Every structure is written in structure tokens, then in C-alpha cells.
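[1] fold the following, please.
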Amino acid sequence: MRTPCDEAVMRSAGAGVPCGPEAGTWILVATILGSSMAFIDSTVVNVALPALQANFHATVVDVQWVVESYGLFLAALILVGGSLGDLFGRRLTFVTGVVIFAVASAICGAAANIHQLIIARSVQGVGAALLVPGSLAIISTAFDEKSRGQAIGVWSGFTAITTAIGPVLGGWLVEHASWRWVFFINLPLAAAVIAISFWRVPESRSAGTGRVDWSGAFLATIGLGGLVTGFTESVNLGWWNPLVFVSLIVGLGCLLALVLVEARVAAPMLPLALFGSRGFSGANLLTLFLYSAIGIFFFLFPLNLIQVQGYSPTATGAAVLPLILLIFLLSRWSGGLVARFGPRIPLIVGPVIVALGFVLFALPSVGQSYWKAFFPAVMVLGFGMAVTVAPLTTVVMNSVGQERVGAASGINNAVARVAAVLAIAVLGIVMVKVFNSELSRNLARLSLAPEVLRQIRADGIKLGGLQAPAGLDSSTKAAVEEYVKEAFVSGFRVVLLICAGLSLASAVVAWGMIRDDSAAS
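    Residues are numbered from 1 along each chain as shown. Okay, here's the model as predicted:
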């Protein structure tokens with residue numbers, strides 16, 4: 001799911017190099033294709049995770065890293081990526097990001113093992129941290145104030161469409177070709193973006209002599225990486241393993257150091273003074289809670305549909321299509337809610353509706369119809385997010401001065417991405433613990449040999465990808481497979497109820513910290 005403040009980033013800058021109508025069309029084509037590569041990749045890969053797990057005989061920790069390695073570098077470096085564009089040229093930074101992303105995609109598609117894939121995904125994240133803010137900055141500076149609104153509308157509409165059809169296309173490729181094509185499909189898109197960028201996109205940079213906050217970028221990357229490593233690997237190694245313990249200590253230490261450094265550097269990527277606004281702090285805390293829930297949901301839901309419910313990858317990609325389309329179709333309507341009621345009421349009501357959606361997702365068991373079990377939950381969740389996103393963007397923009405809207409919007413986007421990364425790491429622990437506990441309880445009903453029990457429990461880290469050991473009779477094998485599905489559903493329910501709690505917490509934040517006169521807060 002796209003982060004909430006992309007349009008705000010584009011609206012915040014003054015015009016740079018003006019473009020004519022013909023050049024403007026090509027600029028939009030290049031930026032839409034470039035942005036879509038990153039947006040699609042964030043969702044398509046989740047649909048491919050079961051195939052990756054089966055192909056590489058991977059654990060859930062391995063597939064977590066496939067998602068986390070990309071999100072970690074994107075979240076940690078996206079703020080400094082915008083600074084690089086201002087300093088060295090927005091087109092140059094954008095194209096560099098596209099090239100890095102494309103090369104990494106080719107390596108992902110050719111990966112011989114899960115570790116190569118994880119490393120390549122990390123490089124993809126670096127590329128995305130350059131191309132995403134680069135594409136937004138190019139639009140904000142290539143169009144004057146009169147034409148910028150229309151350009152943003154076109155960009156928003158087409159990226160929503162590509163983000164919606166991406167998982168369906170990715171699922172079809174996984175089902176009928178190979179999961180590797182999920183990555184290879186980026187190559188022709190990247191080639192088109194690069195050609196159009198050099199042909200039609202003008203170069204631009206900030207007139208002032210900006211500086212890149214390398215120390216902030218380093219501390220953010222190591223800090224976030226340390227926390228993610230510690231939480232994720234604790235499932236395999238235990239909390240007192242040196243790698244886990246040291247990673248958590250180093251990560252927390254670097255994040256504390258980041259706060260101290262950002263308070264002192266001349267051009268911080270994270271201006272702490274912005275958090276002096278109660279509205280801005282509240283909007284980011286709300287974003288942290290809400291997008292944590294969204295992040296873990298989009299990680300686990302495809303695993304549930306494919307490994308437990310028996311859906312095809314194509315059907316799984318299509319399952320969330322109504323949610324994405326609903327958010328896009330209701331975006332203008334939800335903007336009208338702000339004009340009519342102010343942002344506070346929608347930011348209370350929207351997350352409450354989202355919480356209801358997560359509760360509905362927690363209800364189905366194994367083998368139920370999509371239209372009866374999941375479609376209502378998809379619609380409720382999509383409606384709740386549609387009510388929330390536009391008011392959230394409004395609060396972020398109105399809570400700081402006009403000259404700082406770009407920085408505020410960029411920070412909120414980064415918070416949304418950090419939230420997803422941390423949620424997958426932390427709530428992944430909950431999922432594994434509940435799964436193993438429920439599976440052990442169910443297996444106690446069977447008369448299994450001790451060595452068979454040990455093998456099944458050792459493979460518990462695979463979650464829904466766990467296969468019954470060879471040599472079991474057909475009835476026992478069927479029982480084990482059914483218990484695996486039931487254990488996954490139990491863990492999924494617990495995590496989704498936590499997601500509902502996080503959504504309600506975001507509503508409480510809106511009630512306590514957001515005011516309709518956010519600009520004055």
C-alpha cells in the first residue's frame with residue numbers, strides 16, 4: 001500500500017525547470033513507471049513468498065528477510081535519497097536509483113539460494129530509496145503551480161492502477177511461469193524509464209548548497225537493521241544468543257545516537273524541531289500504529305490464502321484488488337470529509353473501521369469461500385483506510401509551516417515504511433510462537449513416534465510451509481497437514497487481533513493529539 005503523503009511531497013516544492021505540454025507527458029510516463037516499479041515490488045513479492053519458500057525450502061525467518069531487507073534500506077535511506085536529488089540533480093538521482101533497482105532485480109531473478117536473494121533485495125531497497133523520492137521531486141519541480149495539481153492527479157491515478165494490477169500480474173507469473181519473473185519484469189520497465197528520462201526529463205537541482213546527512217543515514221540504517229535483526233533472528237536463536245542480544249543493543253544505541261546527532265547537525269535528514277508540533281507528532285504516532293498493522297497484514301495474508309486456504313497465486317493477487325481500488329476511488333470523497341468535518345473526526349472513525357476490518361479477517365477458519373469469509377473484510381478495511389489517508393495527509397501538511405511541508409511529508413512517509421518493517425519483525429515472533437504452541441497441542445492427539453514429533457517441531461519455523469514427514473500413513477499425514485493449517489489460522493487470528501488493537505490505538509492518538517486547527521498546534 002502506498003504511503004500517505006506522496007502527493008504532499010509533490011505539492012510542497014516550488015517550480016524548478018518548467019516543461020512544455022509534450023515534455024510534461026513524457027515526464028509523467030517516466031515517473032509513473034519508475035514509481036510503480038517500487039510500489040508493485042512491495043506487494044508482488046508477498047504473493048511470491050510461498051513459491052520462494054517451497055523452492056528454497058526456506059523458513060519463515062528467511063522469507064521475512066526477503067521482505068525486510070528491501071523495506072529496511074528503503075525506510076532508512078529514503079530521506080537522504082531526497083537530499084541527494086537536491087544536491088546532485090533530481091534526474092541523475094532518479095535514473096541512478098532505477099539502474100540500481102533493475103540490476104538488483106536481475107540478480108534477484110537469477111538467485112541460486114535464499115541468501116543471494118536477500119542480499120539482492122537489500123540492493124533493491126537502496127535503489128528504491130533513490131528512485132521513489134526522485135520521481136516525486138521531478139514532478140514537483142517540472143510543473144508550475146497551475147498544472148501541478150493535474151499532474152499529481154494523473155500520477156496518483158495511474159500509480160494506483162499499476163499498484164492494484166501488480167499483485168494479480170505477479171500471481172499469474174508465479175502460477176504460470178516462475179517466481180523469478182516477478183523480478184525480471186522490472187527490466188523492460190527500467191529500460192523504458194531510463195530512455196525516456198535522458199530523452200525528455202530535464203535536470204534540476206536546488207539553487208542552495210545543500211548537504212547530505214551521511215551520519216544520520218548511517219545511524220538510521222544500523223539502528224533499524226540492528227532491531228530488525230535482533231527481533232527476527234530471536235525466533236531461531238533465542239533472546240540470549242550473542243547475535244540477537246548484541247544486535248538489539250547496537251540497534252537501540254544507534255537510534256538513540258541518531259536523535260542526538262540530528263539535534264546538532266546543520267542539515268539533518270530528520271529535523272527534530274518538527275516534532276514540537278503536537279499535530280505533527282500525533283500524525284506520525286498514528287501512522288506508526290496504523291501502518292504497523294497494515295505491514296504485517298500484507299505479509300501474512302498471502303501466506304494464509306496460498307498455503308492454508310489453497311488459493312492460487314493469481315487469485316491471491318486479486319484478493320486485495322478491491323481494497324486498493326476502493327482507497328483510490330474514495331480518495332476525493334475522503335478529502336471532502338476534511339473540508340466538512342475537519343481531520344480529527346475522520347482520523348478517529350477511519351482507524352476504528354480499519355480495526356473492524358481486521359476483526360473480520362480474524363474470523364474465517366480453513367476452507368471458507370472468499371466472497372463470504374474475506375471479501376467483506378477487504379471492503380471494510382479498504383473503506384477504513386480510504387477515510388483515514390486524506391485527513392492524515394492534511395494534518396501532516398497543516399501542522400508545520402509551508403516551507404517545511406516537504407520535510408514533514410517525507411518524514412511521515414519514512415515512518416510508514418519503518419512501521420511495516422518493525423511490525424513484520426516483532427509480530428512475526430508472535431505468529432511463530434502461537435503457531436508452534438497450537439501445533440504441539442494438536443499433535444498430542446496423535447500417536448506419533450518421538451522422532452517424528454521432533455522433526456515436525458523442528459520444522460515449525462516454516463509455518464504454513466511445513467510438510468508432513470515421509471513415511472506416515474495417509475490418515476496420519478492428512479491429520480498433520482490439517483493441524484498445520486489450524487495452527488496457522490490460530491496465529492493469524494492472534495496477530496490480526498493485535499492489528500485491530502493497533503488500529504484502535506491510532507484512533508485514540510487522533511482523539512488525544514489531533515485538533516482540527518492543526519496548523520496552530
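[2] name the helices or strands packed onto whichever strand or helix holds residue 347?
    Counting by DSSP states H and E, the element that carries residue 347 is helix 344-362. Helix 344-362 sits against helix 278-303, helix 331-341, helix 375-398, helix 474-513, with contacts defined as 3 or more CB pairs under 8 Å, 6 or more residues apart in numbering; DSSP states H and E. From N, CA and C alone the C-beta is placed, and that goes for glycine too.
[3] worst mean pLDDT among the ones you listed?
    Least confident of the helices and strands packed on helix 344-362, judged by mean pLDDT, is helix 331-341 with a mean of 82.
[4] can you list the buried residues in that one?
    By 16 or more other CB atoms under 10 Å, the buried positions in helix 331-341 come out as 331, 334-335, 337-338.
[5] what's the spatially closest residue to residue 200 that is not a sequence neighbour in contact with, if anything?
    Spatially, and ignoring its direct neighbours in sequence, residue 200 is nearest to residue 26 (3.6 Å; CB to CB, 6 or more residues apart in numbering). Residues near residue 26 by CB atoms under 8 Å, 6 or more residues apart in numbering: 196, 199-201.
[6] among the residues you listed, which lie within helices?
    Counted as lying in helices by DSSP state H, out of those, are 196, 199-200.
[7] which one of those is nearest to residue 360?
    Closest approach to residue 360 among those (CB to CB): residue 196, at 42.9 Å.
[8] residue 30 is in contact with that closest one, correct?
    Yes: contact status for residue 196 versus residue 30: in contact at 4.3 Å, counting by CB atoms under 8 Å.
[9] okay, these two: which has more neighbours?
    residue 30 (27 against 18; other CB atoms under 10 Å).
[10] so how far is residue 200 from that one?
    Noted for residue 30: a distance of 7 Å to residue 200, by CB to CB, to the nearest Å.
[11] then residue 433?
    Remark: distance between residue 433 and residue 200 (CB to CB) = 53 Å.
[12] excluding sequence neighbours, find me the nearest residue to residue 293.
    Spatially, and ignoring its direct neighbours in sequence, residue 293 is nearest to residue 499 (3.7 Å; CB to CB, 6+ apart).
[13] which residues touch that neighbour?
    Per CB under 8 Å, 6+ apart, neighbours of residue 499: 292-293, 296-297, 355, 358, 427.
[14] do the same with residue 195
    Contacts of residue 195 by CB under 8 Å, 6+ apart: none found.
[15] the residue nearest to residue 346 when sequence neighbours are not counted: how many residues sit nearby?
    Counting by CB to CB, 6+ apart, the nearest residue to residue 346 once its immediate chain neighbours are dropped is residue 391, at 4.2 Å. Using other CB under 10 Å, residue 391 has 28 other residues around it.
[16] for residue 391, list the residues it contacts.
    So residue 391 contacts 334, 337-338, 343, 346-347, 350 (CB under 8 Å, 6+ apart).
[17] run the last query once more with 7 Å
    Going by CB atoms under 7 Å, 6 or more residues apart in numbering, residue 391 touches 334, 337-338, 343, 346-347.
[18] reformat those residues as CSV; add distance to residue 312.
    What follows is these, written out as CSV (distance: CB to CB, whole Å):
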residue, distance to residue 312
334, 33
337, 37
338, 40
343, 41
346, 37
347, 37
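[19] ok, so of those, who is nearest residue 386?
    Distances from residue 386 to the contacts of residue 391, taken as CB to CB, are shortest for residue 334 (5.3 Å).
[20] list the contacts for the closest residue to that closest one other than its chain neighbours?
    Spatial nearest neighbour of residue 334, excluding adjacent residues (CB to CB, 6+ apart): residue 390 at 4.2 Å. Residues in contact with residue 390 (CB under 7 Å, 6+ apart) are 331, 334-335, 338.
[21] swap the cut-off to 6 Å and go again
    331, 334-335 (CB atoms under 6 Å, 6 or more residues apart in numbering).
[22] now swap in residue 151 and tell me
    139, 143.
[23] any stretches of this structure with poor pLDDT?
    Residue ranges of the chain with pLDDT under 70: 1-2, 5-22, 207-210, 402-403, 517-521.
[24] follow-up on the earlier one: closest one to residue 255 among the helices and strands packed on helix 344-362?
    Among the helices and strands packed on helix 344-362, helix 278-303 comes nearest to residue 255, with 13.7 Å by CB to CB.
[25] next, the angle from the helix holding residue 347 to helix 278-303.
    Helix 344-362 and helix 278-303 are oriented at 20 degrees to each other (axes from the mean of the first three to the mean of the last three CA atoms, to 10 degrees).
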